[in-house]
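1. Kindly return the folded structure for what I paste below:
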Amino acid sequence: MSRSRAHTDEGLVPEIGLRLERGRVRQPRFAILRCAKLKKPANIAASLQHTFRERETPNADLKRRHDNTILLGPDTSEAVLDAWRDRAPEKIRANAVHGLEYFIGASPEAMHAMSRAEQDAYFRDALDWLKERHGADNILSAVVHRDESTPHMTVMTIPLDEHGKLNARALVGNRHKLSAMQTDFAKEVGLEHGLERGLERSQATHERVQRVYAHIMAPEAAVALPERQKGHFLGLGGESDEDWHHRASEAATDALRGARLALDRQKDRHEALLGILEAQLAHERIKRQEVLSGDLKENLGDLRQENRELREQVSELEDERDEWRDKARQRERHHLLTIERALDFAKAHGIEPDNMAEYLKHGRDLHEKAHELDREKDLDLDLD
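-> I've put the predicted structure just below:
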């Protein structure tokens, strides 16, 4: 007989088979407690960013994010990390576990059958159970997520023992100690809310979640159906038609779910972009109306008049510049002609070019000195 499976946000939890109650099938109602060891601060940071939705979370619905609730601790991953640093010891072993993250949930049928108040009561009792087990000061954050398919709570703790050292082994230890902890949780918390313990030593698998994520990243990828288990000699022990059809149906369902989530994400992005473009268009329309208003029209007319005056001034300056350029070219041509004639004169009268150049230089200096004397005389006359 095949087992039933409870679907959670992080994978499949194998559980006991369906039970008969008064001649009918009763859906299982299981309390779920999982614990993950985080061995580095970077692992804690990544987990907290997922908890506070500071990184992309494909399996979460953006439209329902406001339903998430912080039961304990700050509202950002960095603030929770600061709380961890405040409590962490100065000396930490290289192989020490830095954080323990707990997942508190229930089988989807049981969780969806609860009211919002009943869910909150279950999560608060679970948080009190963790406080008693770890110490209230070592519970750094507790967040209830309702933006995924099944509500659940994520709790971040720092595993300090009674000596103030990081000691996850003393708290969760090996597999047997973790199993005993799950049993105690179901007894102390789950039973109060009509939940029981799942099958002991069952291990959750992330195969279905991985399939969903794969089709989120590549929604057009072909669906890979699982191979049928043929069994041993003469096919004995092979997979039945019913079991194989069930696994193939799960694979197709996961692929469709991933593709749908990918389309939903694309739709959300398009709607967000459309909203931005509509806001920009409305802003441009308002600005256009302001430009066409009376006051701005007058200012625009003044600016145009000022622009015309500046253009006229620029035109006059350009004319003056061209005039000075013409005079400079004339002086340059006259200077070159003078040098050319002087060299011809020197050649005709047997004078060395260097002597002629020296003569021209002294003659120019005398010419300039004569001009200076004339200016001084004019200045004296002005003073008189």
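2. what residues are up against A79?
-> Counting by CB atoms under 8 Å, 6 or more residues apart in numbering, A79 makes contact with G73. For every residue, glycine as well, the C-beta is placed using N, CA and C.
3. distance of it from R87?
-> Distance, A79 to R87, by CB to CB, to the nearest Å: 13 Å.
4. go on, K187?
-> 29 Å.
5. now swap in D268 and tell me
-> 38 Å.
6. Give me the most central residue, the protein.
-> Closest to where the C-alpha atoms of the chain average out (CA atoms, centre = their mean) is R55, at 5.5 Å.
7. Surely that residue touches Q49?
-> Yes. Assessed by CB atoms under 8 Å, R55 is found in contact with Q49 at 4.6 Å.
8. overlap in contacts of those two?
-> Common contact partners of R55 and Q49 (CB under 8 Å, 6+ apart): none.
9. Over to the residue lying closest to D61 once chain neighbours are set aside. Which of the three states is it?
-> Distance criterion CB to CB, 6 or more residues apart in numbering; nearest residue to D61, sequence neighbours excluded, is D147 at 4.9 Å. Each residue gets one of three states, and D147 gets coil by DSSP: H, G, I helix; E, B strand; the rest coil.
10. how close does D147 get to V80?
-> Distance from D147 to V80, by CB to CB: 19 Å.
11. Those two: who's more crowded?
-> Taking neighbours as other CB atoms under 10 Å, D147 and V80 compare with V80 leading, 23 against 18.
12. Helix or strand for that one, just tell me which one.
-> Per DSSP states H and E, V80 falls inside helix 77-87.
13. got any ranges where the protein has weak pLDDT?
-> 1-28, 198-217, 219-220, 222-223, 226, 228-240, 244, 290-297, 356-384 (pLDDT under 70).
14. Tell me the buried residues in the helix holding V80?
-> For helix 77-87, a neighbour-count test (16 or more other CB atoms under 10 Å) marks 77, 80-81, 83-84 as buried.
15. do the same with stretch 97-116
-> By neighbour count on 16+ other CB under 10 Å, the buried set for stretch 97-116 is 97-108, 110-111, 114.
16. From those, which land in helices?
-> 108, 110-111 (DSSP state H).
17. right, and out of those residues, which lies closest to L256?
-> Distances from L256 to these, taken as CB to CB, are shortest for P108 (18.0 Å).
18. The nearest residue to that closest one once chain neighbours are set aside: how many residues sit nearby?
-> Nearest residue to P108, sequence neighbours excluded (CB to CB, 6+ apart): T150, at 4.6 Å. Using other CB under 10 Å, T150 has 20 neighbouring residues.
19. I339 versus T150, what's the distance?
-> 100 Å.
20. tell me the SS of H163?
-> Relying on three-state DSSP, one would call H163 coil.
21. residues in contact with L71?
-> By CB under 8 Å, 6+ apart, the contact list for L71 reads 123-124, 127, 142-144, 153.
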